[in-house]
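Participant: Return a 3D structure for these sequence lines:
(one chain, ligands or ions: 1)
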Amino acid sequence: MLTSSQARIAATATAIVLLTATPALALGAIIRTDGLLSDLAPSSSGPFDGARARVQIAESANGASHAVLTVKGIGAAAEGQTFGAHLHDGPCVAGDGAAALGHYNSHVQGGLSPEVSDRTEIWLDFTVADGAGTGTATVPFVPVSGSHSVVVHAAPTNPQTGAAGARLACLTVSW
Ligand SMILES: [Cu+2]
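Facilitator: Numbers count the residues shown, from 1 in each chain. Below is the predicted model:
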């Protein structure tokens, strides 16, 4: 027969095992990449010239996924500003913003009539603090592999239209 304190210790040990085991089972990295941002507005200097970015997308057990964008080395002129950023369907080509095509949209991928929202697209807007910014998104789908990119825009994402102004910089996100 266990004393109550022994039972508590056993229950605690079980909880620790569950807590440590669950993330490895539930989350699978789809893509993890980093590098210098490519300039999509090379005719003018901007806050993302020379900045670096890291993108991680992980799948969870219920068919959802979680994405994290981290940008570092952002110019001081952008301090405190919020920038739109999204997973785009096409590749990142320096100097050619159009090559990134439109936003990756799960409804378009699935042949449904497109709905533009933060549930059907991966929006990673971030606000700059101390030259860095982090954007996260959790969506109820797992993006399909391809030659994709994350594009950083000049303005925050409009929640109705998904628009975020000029394309400033991008990172290849291909798997
Ligand atoms: Cu975009």
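
Participant: For the chain, what lies in contact range of the ion?
Facilitator: Listed as neighbours of the ion in the chain under the rule C-beta under 5 Å from the ion: 86, 151. The way it works is simple: take the backbone N, C-alpha and C, and place the C-beta from them, glycine included.

Participant: bridging residues for the closest residue to the ion within the chain?
Facilitator: At 3.5 Å from the ion, residue 86 is the closest residue in the chain, using C-beta to the ion. Note on residue 86: beta-bridge partners residue 123, residue 151, judged by DSSP bridges.

Participant: Residue 153 versus that one, what's the distance?
Facilitator: 8 Å (C-beta to C-beta, to the nearest Å).

Participant: try residue 165
Facilitator: Plainly put, residue 165 is 5 Å away from residue 153 if you go by C-beta to C-beta.

Participant: Ok, residue 90 next?
Facilitator: Noted for residue 90: a distance of 15 Å to residue 153, by C-beta to C-beta.

Participant: now do the same end-to-end measure for stretch 128-135.
Facilitator: 10 Å (C-alpha to C-alpha, to the nearest Å).

Participant: Name the nearest residue to residue 49, ignoring sequence neighbours.
Facilitator: Nearest non-adjacent residue to residue 49, counting by C-beta to C-beta, 6 or more residues apart in numbering: residue 39, 6.2 Å away.

Participant: dump the residue contacts of that neighbour.
Facilitator: 46, 48-49, 94-95, 168-169 (C-beta atoms under 8 Å, 6 or more residues apart in numbering).
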